[in-house]
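> sequence and predicted structure below; questions after.
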Amino acid sequence: MPVMIERRASRRIQVGSVPVGGGAPITVQSMTTTKTADVDGTLAQIYGLAAAGADIVRVTCNDVDAAKGLAEMVPRSPVPIVADIHFQYRLALAALEAGVHGLRLNPGNIRKEEHIKLVAREAKARGVPIRVGVNAGSLDKDLLAKHGSPTPEALVESALTEVRYLEEVDFTDIKISVKHSNVPMMVEAYRLLAEKVDYPLHLGVTEAGPPPAGLIKSVAGIATLLLEGIGDTIRFSLTADPVEEARAGRQLLEFLGLRERKGLDLIACPSCGRAEVDVIKVAQEAQAALEAENLPIQVAVMGCVVNGPGEAREADIGIAAGRGRGHLFIKGQVVRVVPEEEMVGALLEEARRLVEEGLEARLAAADRGAAEEAEKARLQLVEIRSDPNRAEARKARVEEVARG
Ligand code: SF4
């Protein structure tokens, strides 16, 4: 039985065709790095992000040419577009005119109440939601002075002040983020916020940096909250090709069981003294071959047939090495044994057939004798390698000595 995560109840908003909050699937966001005025370049990146798993893409709207670019881009985009606005509320109005599906306003740098309210009225007239995007690095100066530093409480206060302005003009199509680059601070800010409002929350660790540290920070913060049921949409802010952000976001949700698997999940044993092959090399080869096919299955690469098929019995399909042979298994059952050098090719072929023909058909087509051959190899390996400390022989000797 999969573990069910009880999600915090939140309101639902609609970002173009994509629902956010209110029990909707958690969505992945990313942001383009091109100049927005370069319509074709930005659209190409948006298509790449959508293919990698982004449900919503944010695009900066930092000048008039960018806003004009949005007008051309929005109707051609495969996913909803959110315009990112800093400092100039007029660019928010321009982005609305361009037809964007959402706005992100930074309360730290659009500070005048009347400007925020004007944007909210125009957004409401078009049914466009607004993300109140608080960021520790650009917190409102007065709040920074009041709290001394961008504490979780300061971030939440900033968000709630902006939300109040929006609610005062009857605007409630809101989602909120309170991002911090410090993971524990970020987690605490979202926990505090989640207790105070029922608007959907957009999770992220800001300025996480390049991978792998950026990935680790993002996963630490975002996964902690998601497992507590907090969060409706996520973004990994990596200093990397944004395709990596989208892919990582999507994978995180799949690994947490929060989105259906769309692509490959390759698991591999860490290898140990029992390994019969170079597991790292075989896993890399298998990953490259299988990723190209984008098959929605879990595949295991295990270093030995002694423990491999058993330990990876939950995987849809896998290979385990032993005595110069590759043992191909489906749901833990060995179905074929091939020469070691052919094991990645055989895995790829069997994975394709498994997706096409289904589990029962492939189990029924198992080679007779494969399971028996694997068992023989397993026993031989156990005999050769299982008792490096000669414990059984020592125990027998201890008994002999004890009994005189
Ligand atoms: S599957 Fe075999 S090689 Fe891999 S970690 Fe387990 S015992 Fe070691």
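Great, that's in hand.
> and the closest residue to residue 336 other than its chain neighbours, what are its bridge partners?
Sequence neighbours aside, residue 328 is the residue nearest to residue 336 in space, at 4.2 Å (criterion: C-beta to C-beta, 6 or more residues apart in numbering). The way it works is simple: take the backbone N, C-alpha and C, and place the C-beta from them, glycine included. For residue 328, the beta-bridge partners under DSSP bridges are residue 319, residue 336.
> next up, the contacts around residue 328.
Applying C-beta atoms under 8 Å, 6 or more residues apart in numbering, we find residue 328 in contact with 317-319, 334-338, 343, 346-347, 350, 370.
> same check on residue 300?
When contacts are counted by C-beta under 8 Å, 6+ apart, residue 300 is found next to 266-269, 308, 312, 315, 317-319.
> interface residues of the chain facing the ligand?
With the criterion set to C-beta under 6 Å from any ligand atom, the chain comes near the ligand through 269-272, 274-275, 302-304, 306-308, 311.
> roughly how far apart are the closest residue to residue 150 other than its chain neighbours and residue 249?
Using C-beta to C-beta, 6+ apart and skipping the chain neighbours, the partner closest in space to residue 150 is residue 136 (3.8 Å). Going from residue 136 to residue 249 by C-beta to C-beta, to the nearest Å gives 20 Å.
> neighbour-wise, which of these two wins?
Neighbour count, other C-beta atoms under 10 Å: between residue 136 and residue 249, residue 249 has more, with 30 against 24.
> measure the more buried one to residue 144 for me?
On the measure of C-beta to C-beta, residue 249 and residue 144 end up 30 Å apart.
> quick check, the residue in the stretch 301-404 of the chain closest to the ligand?
For the stretch 301-404 of the chain and the ligand, the shortest gap (C-beta to the nearest ligand atom) falls at residue 303, measuring 2.9 Å.
> the stretch 51-200 of the chain now?
Nearest residue of the stretch 51-200 of the chain to the ligand (C-beta to the nearest ligand atom) works out as residue 53 at 29.7 Å.
> wait, that residue sits on residue 252?
No - taking C-beta atoms under 8 Å as the definition, residue 53 is not a contact partner of residue 252, at 9.9 Å.
> how is this structure partitioned into domains?
In terms of domains, the chain is parsed into 13-255, 265-385 (source: automatic domain parsing).
> now these as TSV including mean pLDDT and distance to residue 397?
Compiled in TSV, the domains of the chain are given as follows (pLDDT from 0 to 100; distance: least, C-beta to C-beta, whole Å):
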stretch	mean pLDDT	distance to residue 397
domain 13-255	96	49
domain 265-385	90	19
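> between those domains, which one is closest to residue 398.
domain 265-385 (21.8 Å; C-beta to C-beta).
> so how far is that closest one from its chain's centroid?
Going by C-alpha atoms, centre = their mean, to the nearest Å, the spacing between the C-alpha centre of domain 265-385 and its chain's C-alpha centre is 26 Å.
> want to throw the contacts of residue 328 into TSV with distance to residue 110 and neighbour count?
Conversion of the contacts of residue 328 to TSV gives the following (distance: C-beta to C-beta, whole Å; neighbours: other C-beta atoms under 10 Å):
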residue	distance to residue 110	neighbour count
317	52	24
318	53	31
319	56	31
334	62	26
335	61	21
336	62	24
337	65	24
338	63	20
343	58	24
346	59	16
347	54	25
350	56	22
370	66	18
